[in-house]
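Student: With the input below, show me the fold.
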Amino acid sequence: MRTRLRNLWDLPIKEGPYLDDRDTKPFFTSYDPLGPFMNFEKMGVLDWGSVSVDEVGIPRLIYYGRPEYYPVTVLHLALELANKHFYAPGDAEIERRFFQLIDWTLDHQDEHGGWPTPYDHNFFEPRTELTRTPWYSCLTQGLAISLLVRLAHWKGADMRERIMRAAAVMTRDVAHHGTAARVMGVKVYEEYPTDPPSAVLNGMIYGLIGLYDGWTLLGDPVLKQALDAGLDSVETLLPLYDLGDGTAYDLTHITSRVNGPNRARWKYHRLHVELLSILEMIRPGLFGIFAERWEMYLRGNRLREN
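Tutor: Sure thing, here's the model as predicted:
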């Protein structure tokens, strides 16, 4: 890899340390869509300063001083506990808390198949308009599908209808209360269904991983079609996130025509590399090339100048 990419860089190439002060490589070398979800057992959701729990243990996001039942937060903790439970079977307290969150997830899937966010959200003022509740997120839908797939696989539960309805919300247009929009002529799945579209990269990829998990379990061609369309779009748009020494968190610098990209901080840049390494396992080729280059940015390298 270093030889293949060497002519892109200002020499000498820096091999470390990583700029986010972590010493582990930001690549997944395996991904089992029916096994533990990524490395979520290390998530530590309840240690986040922005999270509180209600009287029965359901996590809430502190949003502008208000505790809100943000589905993404609940699903993060559910997948964290899923990994912990199946890494350490026999822990009754982890199992109890895990199934408590499963019950919440099943109870809060609405009649359309989604988990709506219960508060208004302004993703990036003044680039995007205020998003009014209720709104759906491809991040929520993707994480939920990944959770339901594991529940079905590990416990033998029939989750087909729920998974298919969740995917339908993800692939429905934002104008019809879904998460799909168009950027530069291609279809994207929106973490935040903003006007204009924001195309947040990590949320979109989590959505695609959920579709991949669902397709692996069910083999339904509708899920495969939605997955392939999303993979095509990410392949097309990836160069727009590449800043030459880091990555953009979203594409509002394109869609809103406001000067300057919304640079991803190193935490999210590392996540971009991790998520691309999973997409590379799903569809080998371009994703791995970008993951390798973006890992070099994390070491302090930048593309050469003209």
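Student: contacts, neighbours, all on C-alpha from now
Tutor: OK.
Student: helix/strand/coil for Val188?
Tutor: Following DSSP: H, G, I helix; E, B strand; the rest coil, Val188 is assigned to strand.
Student: count of neighbours near it?
Tutor: Residues near Val188, counting by other C-alpha atoms under 10 Å, number 29.
Student: which ones are touching it?
Tutor: By C-alpha atoms under 8 Å, 6 or more residues apart in numbering, Val188 lies in contact with 180-182, 199, 204, 230, 233-234.
Student: and the gap between it and Ile145?
Tutor: 18 Å (C-alpha to C-alpha, to the nearest Å).
Student: Now Pro36: closest residue in space, sequence neighbours ignored.
Tutor: Asn83 (5.1 Å; C-alpha to C-alpha, 6 or more residues apart in numbering).
Student: how about the one you found, what does it touch?
Tutor: Asn83 neighbours (C-alpha under 8 Å, 6+ apart): 36-37, 39-41.
Student: Please apply the same query to Ala78.
Tutor: 98, 101-102, 147.
Student: what kind of secondary structure is the residue most central in space within the chain in?
Tutor: What sits nearest the mean C-alpha location of the chain, by C-alpha atoms, centre = their mean, is Tyr206, with 2.9 Å. Classification of Tyr206 by three-state DSSP places it in helix.
Student: My guess is it contacts Ala144. True?
Tutor: No: if you go by C-alpha atoms under 8 Å, Tyr206 and Ala144 don't touch, sitting 10.2 Å apart.
Student: buried subset of the contacts of Asn83?
Tutor: 36-37, 40-41 (16 or more other C-alpha atoms under 10 Å).
Student: Tell me which stretches of the stretch 151-300 of the chain form strands.
Tutor: Remark: strands assigned in the stretch 151-300 of the chain by DSSP state E, counting those that start in this stretch are 180-183, 186-189.
Student: Just the buried positions in stretch 177-192, please.
Tutor: Under the neighbour-count criterion of 16+ other C-alpha under 10 Å, stretch 177-192 has 177-183, 187-192 buried.
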